[in-house]
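**Q** Sequence and predicted structure are below.
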Amino acid sequence: MATIVTRAGKGAPLTHNEMDSNFLNLNAALVPVGSTVVWWTPTPPDSSWLLCEAQALSTVDYPELFSVIGYTYGGSGSTFYLPETRGFFLRGWDHGAGRDPDSASRLNRGDGTTGNNVGTRQTDQLRSHRHGYYDNVTTGGGSGPSRQQGEGLRYTEYFGGNETRPVNIYSAFIIKAKAN
């Protein structure tokens with residue numbers, strides 16, 4: 001038998017928005033401040049969540065979040081910053097696994113920290129490769145091919161778009177900024 005959740009003291013069932021709100025409030029204690037999640041709408045569910053868009057926050061207004069991330073993404077004094085996720089692919093921290101051959105050259109996350117650390121960044125890159133061929137190569141005397149005068153290495157036309165990327169879908173990343 002299904003249970004129908006109703007408003008206190010009333011027989012009418014809750015709307016979807018009311019159920020979503022109640023679910024978030026009931027589970028607020030289970031989600032610690034500083035947790036970041038994928039969110040499928042452009043607006044966070046309530047004021048305790050913020051989009052991760054590198055915005056400056058006050059240490060006074062968000063003391064719990066500041067105690068978790070501090071100046072990791074920049075700031076000083078009474079101002080700290082959230083991480084920037086817009087337009088980035090998130091990548092798991094290598095942390096000694098050896099899957100990121102360039103982990104030591106990762107860039108500043110906002111507080112001067114570089115290298116193999118959470119929050120550091122990399123620019124886009126295409127793995128080194130080459131597309132070349134010889135045109136009109138003929139076999140001459142000796143042990144290998146020889147080229148006729150004026151002939152030589154040629155390259156394919158450029159192809160592709162503006163970046164190297166996997167198939168993807170946009171989503172927002174939100175961070176729990178305040179306890180409910």
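**A** Received it, and whenever you're ready, just let me know what you need.
**Q** So, low pLDDT: which residues of this protein?
**A** Where the chain drops to pLDDT under 70, the residues are 1-29, 135-152.
**Q** all helices for it, in order.
**A** For the chain, the helices defined by DSSP state H cover 16-27, 63-69.
**Q** State the distance from Tyr133 to Tyr158.
**A** 15 Å (CB to CB, to the nearest Å). Bear in mind the C-beta positions are built from the backbone N, C-alpha and C, glycine included.
**Q** Then Gln125?
**A** 17 Å.
**Q** hmm, back to that, out of Tyr133 and Tyr158, which sits in the more crowded spot?
**A** Tyr133 (9 against 6; other CB atoms under 10 Å).
**Q** who's the more buried one bridged to?
**A** Beta-bridge pairing for Tyr133 (DSSP bridges): Arg154.
**Q** check contacts around it.
**A** Leu153, Arg154, Tyr155, Thr156 (CB atoms under 8 Å, 6 or more residues apart in numbering).
**Q** Can you pick out the most distant pair from these?
**A** Taking CB to CB as the measure, the contacts of Tyr133 span a maximum distance of 11.4 Å, between Leu153 and Thr156.
**Q** okay, and the common contacts of the two?
**A** By CB under 8 Å, 6+ apart, the residues touching both Leu153 and Thr156 are Gly132, Tyr133.
**Q** Which stretches in this structure count as strands?
**A** Ranges of strands in the chain, per DSSP state E, are 36-39, 49-51, 56-58, 75-76, 79-81, 132-134, 137-139, 145-147, 153-155, 172-176.
**Q** Most tightly packed of the ones you listed?
**A** Most buried of the strands of the chain, by mean neighbour count (mean count of other CB atoms under 10 Å): strand 172-176, with a mean of 20.
**Q** Could you name the helices and strands sitting against that one?
**A** Applying 3 or more CB pairs under 8 Å, 6 or more residues apart in numbering; DSSP states H and E, we find strand 172-176 packed against strand 36-39, strand 49-51.
**Q** Dump the ones you listed into JSON lines; add distance to Asn116 as well.
**A** Conversion of the helices and strands packed on strand 172-176 to JSON lines gives the following (distance: least, CB to CB, whole Å):
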{"stretch": "strand 36-39", "distance to Asn116": "20"}
{"stretch": "strand 49-51", "distance to Asn116": "27"}
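**Q** List just the one of those that sits closest to Gly119.
**A** Among the helices and strands packed on strand 172-176, strand 36-39 comes nearest to Gly119, with 11.3 Å by CB to CB.
**Q** what comes into contact with that closest one?
**A** Contacts of strand 36-39 (CB under 8 Å, 6+ apart): Pro45, Trp49, Cys52, Pro83, Ser171, Ala172, Phe173, Ile174, Ile175, Lys176.
**Q** now do stretch 173-180
**A** For stretch 173-180, contacts defined as CB under 8 Å, 6+ apart pick out 24-25, 28-29, 31-39, 44-52, 57, 62, 64-65, 82-83, 85, 90.
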